[in-house]
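Q: A predicted structure for the sequence below; I have some questions about it.
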Amino acid sequence: MPIYVRVPGKLMIAGEYAVLEPNQNAIVAAVNRYVYAKITSSKNCEFTLPDLGFESVSWEVNSRSISFSNTDEKLLFVQNTIKVVQDYLNESSVQLSPFHLTVTSELDDPSGKKYGLGSSAAVVVSVVSAILALAEQQNQLFYAPKELIFKLAVIAHVKTQGSGSGADVAASTYGGWLRYSAFQAQWLLQQIETSSSITTLIEQSWPYLSIQPVIPPETLQLCVGWTGKAVSTGPMIRQLKDGQQENNQIYQTFLKDSYQAVEGIVSSFEHKDAEESLFYLKKNRSALVKLGKEVGMLIETPNLAVLSDLAEQMGGSGKSSGAGGGDCGIAFVTSQEQVVKLSEAWKKAGIEPLNLDVDHNGSSWHK
């Protein structure tokens, strides 16, 4: 019997870049654009990713690696994810029959527009969730809590990418609005190299990691606009690291400003104060814009500046989401009337409003 998995994408709300550092928080939200997976028992191990043109990729497993019939680098995330999960299941004495796994995504537009909603992270979470769901179906004593899904997905994602905060993985796994503080990627990579087992790494406490749900004021409305330009996060982070080494005092000031802005938003959520949320979102925008100017990074592009300025003109606040440089921007407003007016203003400025809501389920599956 097939198992169907649904995993949401994500939007960074506040705390970008700073979240890569110890004890720095971010706010991330899961959104109702999804990656879907279907897994069934099969005679052979096969994987299908039709969105990228991979109709049938088979693989063989040995104690050290998984060998895919197609060596395209686009499949590395999936390849590493299957290996990490199977290593964990082997250590747990959970045996699986061969399976056929199909993954499809609606995080990007059918026309090919890439919105920056965390595609690779959601794909990894969907693969982890699907295999663990099959393990649950075939082994009555096996249960996969979301912490297990998150940690296995993070291990596979960081192993493939070599960096990252895991905030996108957390959103795709847990859903909702999250206050998130990251483990350190270099620490995790070292643990992957030196740990005696995946199970040991999963079960230990991860320094600095914190994932806490937060609830915004009821009157706060989240609006999302796409600027028409897709951006890869990795090069932006590398550019920041280069600038950080040359301008450490500037970077430290940014970390302080970002921390205060994020904690201000969290506090405003706790106090159900939407106006305070607008104030601190604007503070986070200012910190990011200042950082970009001082280290020579275009975090807030002209289109993102227009997106944010229009939100402020409507009585709200706006900013870039994620690495910036393009992709999506977000805005907070406090009424449905403002939502409609902002959407129309964005359209006139060439910014595409995205009809997104917050997903509160995270990774889920059913038969």
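A: That came through, no problem. Keep in mind the model is a prediction, meaning the values are calculated, not measured.
Q: Work out the gap between stretch 4-14 and the centre of the chain.
A: How far stretch 4-14 lies from its chain's middle: 6 Å, per CA atoms, centre = their mean, to the nearest Å.
Q: mind listing what's buried in that stretch?
A: The neighbour-count check on stretch 4-14 (16 or more other CB atoms under 10 Å) flags 5-14 as buried. (Each C-beta comes from the backbone N, C-alpha and C, glycine too.)
Q: Just the ones of those residues in strands?
A: Residues of the buried residues of stretch 4-14 located in strands (DSSP state E): 5-14.
Q: Specify the local secondary structure of the residue of the chain most remote from its centre.
A: Centroid-distance maximum for the chain: Lys43 at 33.5 Å, with CA atoms, centre = their mean. Following DSSP: H, G, I helix; E, B strand; the rest coil, we place Lys43 in the coil state.
Q: any idea how far the residue lying closest to Leu220 once chain neighbours are set aside lies from Gln338?
A: The shortest distance from Leu220 to any non-neighbouring residue, by CB to CB, 6 or more residues apart in numbering, is to Ala274 (4.5 Å). Using CB to CB, to the nearest Å, Ala274 is found at 11 Å from Gln338.
Q: quick one, which of these two is more surrounded?
A: Set side by side, Ala274 and Gln338 show more neighbours around Ala274, with 21 against 18, by other CB atoms under 10 Å.
Q: Verify the contact between the residue nearest to Leu220 and Ser268 for me.
A: Yes: Ala274 is within contact range of Ser268, at 7.4 Å (criterion: CB atoms under 8 Å).
Q: any shared contact partners between those two?
A: Common neighbours of Ala274 and Ser268, using CB atoms under 8 Å, 6 or more residues apart in numbering, are Pro217.
Q: Surely Leu117 and Asp109 touch.
A: No: applying CB under 8 Å as the test, Leu117 and Asp109 come out as separate, 10.5 Å apart.
Q: which of the two has more neighbours?
A: More crowded of Leu117 and Asp109, by other CB under 10 Å: Leu117, with 31 against 13.
Q: thinking again about what came up before, pick out whichever of the ones in strands among the buried residues of stretch 4-14 sits closest to Trp206.
A: Ranked by distance to Trp206 (CB to CB), those are led by Lys10 at 19.5 Å.
Q: Okay, and the beta partners of that closest one?
A: Beta-bridge partners of Lys10, counted by DSSP bridges, are Ala30.
Q: List the contacts of stretch 83-90.
A: Residues from elsewhere that reach stretch 83-90 (CB under 8 Å, 6+ apart): 61, 65-66, 95-96, 127-128, 131-132, 135, 152, 155-156, 159, 197-199, 202.
Q: Go again with 10 Å.
A: 45, 59, 61, 63-66, 94-96, 124, 127-132, 134-135, 139, 142, 144, 148-149, 151-157, 159-160, 192, 197-199, 201-202 (CB atoms under 10 Å, 6 or more residues apart in numbering).
Q: from those, which would you call buried?
A: Applying 16+ other CB under 10 Å to those flags 45, 59, 66, 94, 96, 124, 127-132, 134-135, 144, 148-149, 151-157, 159-160, 198, 201-202 as buried.
Q: among those residues, which are in strands?
A: 59, 66.
Q: Which of the buried ones among the contacts of stretch 83-90 fall in helices?
A: 124, 127-132, 134-135, 148-149, 151-157, 159-160, 198, 201-202 (DSSP state H).
Q: ok, back up a step: just the buried residues of stretch 4-14 now: which is nearest Arg33?
A: Looking across the buried residues of stretch 4-14 and measuring by CB to CB, the closest to Arg33 is Gly9, at 4.7 Å.
Q: residues touching the closest one, list them.
A: Neighbours of Gly9 in contact, by CB under 10 Å, 6+ apart: 29-35, 105-108, 115-119, 121-122, 168, 171-172, 356, 359.
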